[in-house]
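Asker: No letters, just coordinates:
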Ligand code: NDP
């Protein structure tokens, strides 16, 4: 257990965190970055990223995050494994006290939050019981285990469509369980799903129970219009129904909306605490793209730099006597 001081602590290692690190390191703030429990963030559990500018042929998500990390390291970011588990933000412009999971204390002049978001679950007992035994929230990570088999996926957003398309390539049959009569996903993603011959979309359908004792053997769904129930024999069950921001440790200190997304000042990443900035999916429930996360990471680092400069010039202007008193 040690106590250290830094000008800039970055919490999280997705596109927002690493972009903040590149900018903060190039501004010579000597940033310290804690990677968190999913190093590289959500892009490490995706395949092709086709919409990040600069990659005309697309790039694999995990490779992209390796590249982000390398770039942040190249300018001297102090990159650390582990999580920040506790924070006590200063309300009067003082040092922010952050504690890591190994008990180390970091006193930070500025903090950039880029903790991202995590997958949501349906909340069924059977989902919990069979998690890791056929139930997964990441088709790209776990789909391979079900190659040649039948699987089901819940959700109708871009993530569900992307994952259903991915599963259709390796599995025999993919049931897509959609609770309404329409999908939220972009048209291009919906079209991809609808074109796949081995994807069957079950509209107006909700999951009642995932079946199986020690591993997934099926799923019972119910049609929410007719009440009709049916059991599908599947070996894998994937949940792709959106995400929750990872902001629990900031509760009571930072302003957030009712779903936990951090609130920042308009056109800024500033939170309600001076010197604490929020970037990426932890504060963005609208766009949630790698490129927008990177953009807000950049903003946060520039704002942190400006904050430190203003603080320094204020201290220089303050007469020595008043500093002593
Ligand atoms: P979304 O919030 O967009 O979609 C969640 C989906 O899950 C909705 O269809 C919703 O249904 C459904 N859902 C939510 N709760 C339940 C439940 N309890 N039971 C059944 N269904 C449920 O999340 P995504 O993760 O799909 O996308 C998040 C953001 O990331 C979006 O902005 C998306 O565009 C973006 N994205 C972009 C990609 C790309 O461009 N390549 C890839 C992946 C994501 P309902 O519609 O009825 O509410």
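Answerer: Looks like it came in fine. All values derive from a computational prediction rather than experimental measurement.
Asker: helix, strand or coil for residue 23?
Answerer: The three-state label given to residue 23 by DSSP: H, G, I helix; E, B strand; the rest coil is helix.
Asker: Tell me who's in contact with it.
Answerer: Counting by Cβ atoms under 8 Å, 6 or more residues apart in numbering, residue 23 touches 297, 298, 301, 302, 305. From N, CA and C alone the C-beta is placed, and that goes for glycine too.
Asker: Correct me if wrong: the last one contacts residue 26.
Answerer: Yep, that's residue 305 we're talking about. No - in this structure, residue 305 is not within contact of residue 26 by Cβ atoms under 8 Å, at 9.7 Å.
Asker: So those two - more neighbours on which side?
Answerer: Comparing residue 305 with residue 26 by neighbour count (other Cβ atoms under 10 Å), the higher total belongs to residue 305, at 19 against 15.
Asker: can you put the contacts of residue 23 in TSV and add pLDDT, distance to the ligand and secondary structure?
Answerer: Putting the contacts of residue 23 into TSV (pLDDT from 0 to 100; distance: Cβ to the nearest ligand atom, whole Å; DSSP: H, G, I helix; E, B strand; the rest coil) gives the following:
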residue	pLDDT	distance to the ligand	secondary structure
297	98	17	helix
298	98	20	helix
301	98	24	helix
302	98	25	helix
305	98	29	helix
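Asker: residue of the protein with the smallest distance to the ligand?
Answerer: The ligand sits closest to residue 157 of the chain, with a gap of 2.3 Å, by Cβ to the nearest ligand atom.
Asker: can I assume that residue is in contact with residue 184?
Answerer: Yes - here residue 157 reaches residue 184: they are 4.8 Å apart, a contact under Cβ under 8 Å.
Asker: residues of the strand or helix carrying residue 313 that come out buried?
Answerer: Secondary structure from DSSP states H and E places residue 313 in helix 290-317. For helix 290-317, the neighbour count (16 or more other Cβ atoms under 10 Å) marks 290, 292-305, 307-308 as buried.
Asker: Show me what it is packed up against.
Answerer: Contact here means 3 or more Cβ pairs under 8 Å, 6 or more residues apart in numbering; DSSP states H and E; on that basis helix 290-317 packs against strand 3-11, helix 15-26, strand 105-113, strand 276-278.
Asker: can you give me the offset of the longest one from its chain's centre?
Answerer: From the chain centre to the centre of helix 15-26 is a distance of 16 Å (Cα atoms, centre = their mean, to the nearest Å).
Asker: Give the buried residues for that helix.
Answerer: Using 16+ other Cβ under 10 Å as the test for burial, helix 15-26 gives 15, 16, 17, 18, 19, 20, 21, 22, 23, 24, 25.
Asker: C-terminal to that helix, which secondary structure element comes first?
Answerer: Following helix 15-26 in sequence order, the next helix or strand is strand 32-34 (DSSP H and E).
Asker: What is the subsequent helix or strand relative to that following strand?
Answerer: Using DSSP H and E, the helix or strand that follows strand 32-34 towards the C-terminus is strand 48-49.
Asker: can you list the residues that contact that next one?
Answerer: Contacts of strand 48-49 (Cβ under 8 Å, 6+ apart): 43, 55, 58, 59, 60, 61, 64, 290.
Asker: Give me the sheet partners of it and which way each runs.
Answerer: Strand 48-49 has the following strand partners under DSSP bridges: strand 59-60 (antiparallel).
Asker: Quick check: mean pLDDT of the partner strand?
Answerer: For strand 59-60, the mean per-residue pLDDT is 92.
Asker: What of stretch 109-125?
Answerer: On average, stretch 109-125 scores 95.
Asker: end to end, how far does that stretch reach?
Answerer: Stretch 109-125 has an end-to-end distance of 44 Å (criterion: Cα to Cα, to the nearest Å).
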